[in-house]
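Q: Requesting a structural model of the entry that follows:
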Amino acid sequence: MDIKELYESYEKYLDKEITVCAWIRKHRKQKEIGFIELSDGTCFKKLQVVYDLSTKDFDMVQKIHFGSSIKVTGSLVKLERGGEIELKAKEIELVGDCPEDYPIQPKKHTREFLREQAYLRPRTTLFTAVFRVRSIAAMAVHQYFTSHGFLYLQAPILTASDCEGAGEMFQITTQDLDKIAETGAVDYAKEFFKKKVSLSVSTQLEAETFAQAFKKVYTFGPTFRADPSNTPYHAAEFWQIEPEVAFCDLDGIMEIAEDMLRFVIGYVLEHAKEEIKFLDETVEEGLIDKLTRTMNAEFKRVTYKECIDILKKADRVWEYVPEYGADIAKEHEKYLTEYFDCPLFITMWPKELKSFYMKQMEDGTVAGADLELPGIGETFGMSQREEDYDKLITRMKELDMKLEEYDWYLGLRKYGTCKRAGFGIGFERLLMYLTGMKNIRDVIAYPRTEGSCKF
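A: Numbers count the residues shown, from 1 in each chain. Purely as a prediction, here's the structure:
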């Protein structure tokens, strides 16, 4: 019997004998009575079990450790206070003991400590909430896109193309690295694919090919970047949501991004009420209010130039002085979202700051935008894609890109081209915003960062 089912349909089980298998989250012992809080992971709520001298093997039950798995048989009782339920135990059987050296003790642990115990941290109340929100938010993403007519594309993880052109890719090999080190060179003829292949940093290019057949597609899966940035916002492996829409411009894709964000927030607030309430109380005070305000807010659209103007006029000392042609730093993003007091699209960036595939404008900017959210900064990156074959070729040559490696991508501009647009959103960045967690390592089950690939 699942605890979730008991809470949802408890009336039909009242005063009947039932059996529950779960883990002990609290165990309070008194001389003639004991109280156990059980969690089986099927819902956020815990079930209280009461046992006394009438329970079989009372003395043995009193010795069961925190964290152990047990099987409880008893009758379900409705309490007068608040309509809560509890299980009056007839028999409690120890299924799996948990010795006293169990790392997750019934006390407050730091998140840094829990990262070192990542295989156990889902058992804590905090991470029960975080990872249930992650699951619900993922479902919301799929529901949004499928309900709006998008095709779900499972794009390849192995790729021979560097979508972002930054070179921050994990190269794969089937050869012995020690032997490669001895010779000082890689013989690609001996590689499985007979060429240089890496883990994907983005599925955008593949999604574009499908968008020109299905009009609206999206991908949602793991991506990899060999980025050594040791910040609370970066990880080497993360999940990314990337829709592509044919016959769509920058304004159109911004509308989709805004609509999707509103939907996901609303879905999480509706389907993870208890988890979000707990996170509001323990992680970020005012979380529910923040999410509700974002869901109902007017999203501003401000050009890159206007943002730099605002930053230059700001009466404050910057660590990174804002300059035209320079990127917008984290401190700038924070100031701008506070200045406008709402989610903010920063549009029309200098082409030198953005990727080769973005639509080039006459003034040297590109039709691209970043969505900045208060407290988290950049969350979405989007653009209208360059559909003009000659302009794309010229830009790629400026960046010394190997055109032969992108002949298939260039072919999209030759065979029935059309304007199109898309965005990419790091799922973990979104989760940080939804949960109030301040470190990306705490919204990923097993975070991969530079120098760390544990578990």
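Q: Leaving out chain neighbours, which residue sits closest to Y51?
A: A89 (4.1 Å; Cβ to Cβ, 6 or more residues apart in numbering). Quick note: C-beta positions are derived from backbone N, CA and C, even for glycine.
Q: List the backbone torsions phi and psi for the one you found.
A: phi -80, psi 130 (degrees, to the nearest 10).
Q: now the one 5 residues further on
A: In terms of degrees, to the nearest 10, the main-chain angles of L94 are phi -80, psi 120.
Q: mind starting the numbering at 198 from now?
A: That works, and once the first residue is 198, the last one we named lands at L291.
Q: can you confirm K393 is in a helix?
A: No: K393: not assigned to a helix; according to DSSP: H, G, I helix; E, B strand; the rest coil it is coil.
Q: my guess is it meets D384, correct?
A: No: between K393 and D384 there is no contact under Cβ atoms under 8 Å: 11.7 Å.
Q: and those two? which has more neighbours close in?
A: Using other Cβ atoms under 10 Å as the criterion, K393 and D384 rank with K393 on top: 14 against 10.
Q: ok so, going back, in contact with the residue nearest to Y248, which residues are there?
A: V246, V247, Y248, T252, V258, V269, T270, G271 (Cβ atoms under 8 Å, 6 or more residues apart in numbering).
Q: Confirm T343 sits in a helix?
A: Yes: with three-state DSSP as the criterion, T343 is part of a helix.
Q: Ignoring the adjacent residues along the chain, who's closest to it?
A: Using Cβ to Cβ, 6+ apart, the closest residue to T343 is Y349 (6.7 Å).
Q: So in the chain, where's the weakest helix or strand by average pLDDT?
A: Here the helix or strand of the chain ranked lowest by mean pLDDT, DSSP states H and E is helix 374-380, holding a mean of 86.
Q: And the contacts of that helix?
A: By Cβ under 8 Å, 6+ apart, helix 374-380 touches T370, V383.
Q: repeat for stretch 322-331
A: Looking at what lies outside stretch 322-331 - Cβ under 8 Å, 6+ apart - the contacts are 222, 236, 238, 241, 308, 311, 318-319, 465, 469, 472-473, 475-476, 479-480, 628, 631-632, 634, 639-640, 642.
Q: related to what we said a few turns ago, I'd assumed Y341 was in contact with the residue nearest to T343.
A: No: between Y349 and Y341 there is no contact, the gap being 11.4 Å when judged by Cβ under 8 Å.
Q: Residue ranges in the chain under the pLDDT threshold?
A: Regions of the chain meeting the criterion pLDDT under 70 cover residues 279-280, 361-364.
Q: List the buried residues in the least confident helix or strand of the chain.
A: For helix 374-380, the neighbour count (16 or more other Cβ atoms under 10 Å) marks no residue as buried.
Q: what's the helix or strand following that helix packed up against?
A: Next in sequence after helix 374-380, counting helices and strands by DSSP states H and E, comes strand 395-396. Packing partners of strand 395-396 (3 or more Cβ pairs under 8 Å, 6 or more residues apart in numbering; DSSP states H and E): strand 355-356.
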